[in-house]
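Q: sequence first, predicted coordinates after that:
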Amino acid sequence: SLMDAQYFTTIEGEGGKIDINDLASPSEELQKIIHDQLVQIFEDKKEQDQKFRDKYSNTQFKEIVDNIADWIDEDSDGRSRGSESDLYQSIKDSGDLPPNSPLKTVEELHMVAGMTDEFYNILLPRITVFGTKGINVNTAPREILKSLSTTIDDQKVGEIDARRNDPKKGGPFKDKEDFFGFLQSIGVRTD
């Protein structure tokens, strides 16, 4: 190379992120869990960021997540209102919107009704379209852990983080039962 330069790259696992395409999972239970997790991410942002709360206090994040689900699911019935395509009629040549198929890239979210750059940037580090059909709780960011349950607050996330990163406290969780058992021991409901 003619340049005297350096570069830095990181490899990041997708297992610690929410698979947004699961909003259209065949499992209605999984759909609801993913829906609630995404709404909770926005609610946490409102709780922690005064400027965001002031700007978006009246925003119905449930509707935005519904719009994402409508973009992905196979039917043409809107979750928040009538036909899914009604939200896209103002777009020229909108006959194929929403596509009613899984997202191929995360960037496709920009086309979903109600999605702004700010909302997209909040979701971006927390979601994937290359899901593993579950969240790796040993690598998931704190925000994802908080979105698992409304009873997981910052203190409980700290306890989870301390446990998974300290071999003296048990180290990484071995399996689902180990994780749920730990949650119950710190007072988190697992139902």
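A: Yep, it's here.

Q: mind listing what's buried in the helix-or-strand element of the chain with minimal mean pLDDT?
A: Ranked by mean pLDDT, DSSP states H and E, the weakest helix or strand in the chain is helix 142-147, scoring a mean of 84. Under the neighbour-count criterion of 16 or more other C-beta atoms under 10 Å, helix 142-147 has Glu143, Ile144, Leu145, Lys146, Ser147 buried. Bear in mind the C-beta positions are built from the backbone N, C-alpha and C, glycine included.

Q: columns distance to Ser25 on top of the residues you listed, output as JSON lines?
A: Written out in JSON lines, the entries for these read as follows (distance: C-beta to C-beta, whole Å):
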{"residue": "Glu143", "distance to Ser25": "21"}
{"residue": "Ile144", "distance to Ser25": "17"}
{"residue": "Leu145", "distance to Ser25": "21"}
{"residue": "Lys146", "distance to Ser25": "22"}
{"residue": "Ser147", "distance to Ser25": "17"}
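
Q: from these, which single one is nearest Lys176?
A: Lys176 lies nearest to Leu145 out of the buried residues of helix 142-147, by C-beta to C-beta, at 14.5 Å.

Q: for the nearest residue to that closest one once chain neighbours are set aside, helix, strand, or coil?
A: Distances taken as C-beta to C-beta, 6 or more residues apart in numbering put Val157 closest to Leu145, at 5.0 Å, once the chain neighbours are dropped. State at Val157, reduced to three classes by DSSP: H, G, I helix; E, B strand; the rest coil: helix.

Q: surely Val157 touches Ala140?
A: No. Because the distance of 9.9 Å does not satisfy C-beta atoms under 8 Å, Val157 is recorded as not touching Ala140.

Q: residue boundaries of the helices in this structure?
A: Assigned helices in the chain, in chain order: 28-48, 50-56, 61-72, 117-123, 142-147, 154-165, 176-185 (criterion: DSSP state H).

Q: which of those helices comes out lowest on mean pLDDT?
A: For the helices of the chain, the weakest mean pLDDT is recorded on helix 142-147, namely a mean of 84.

Q: quick one: contacts of that helix?
A: By C-beta atoms under 8 Å, 6 or more residues apart in numbering, the list of residues contacting helix 142-147 from outside reads 16-18, 36-38, 40-41, 44, 125-126, 135, 137, 152-154, 157, 160-161.
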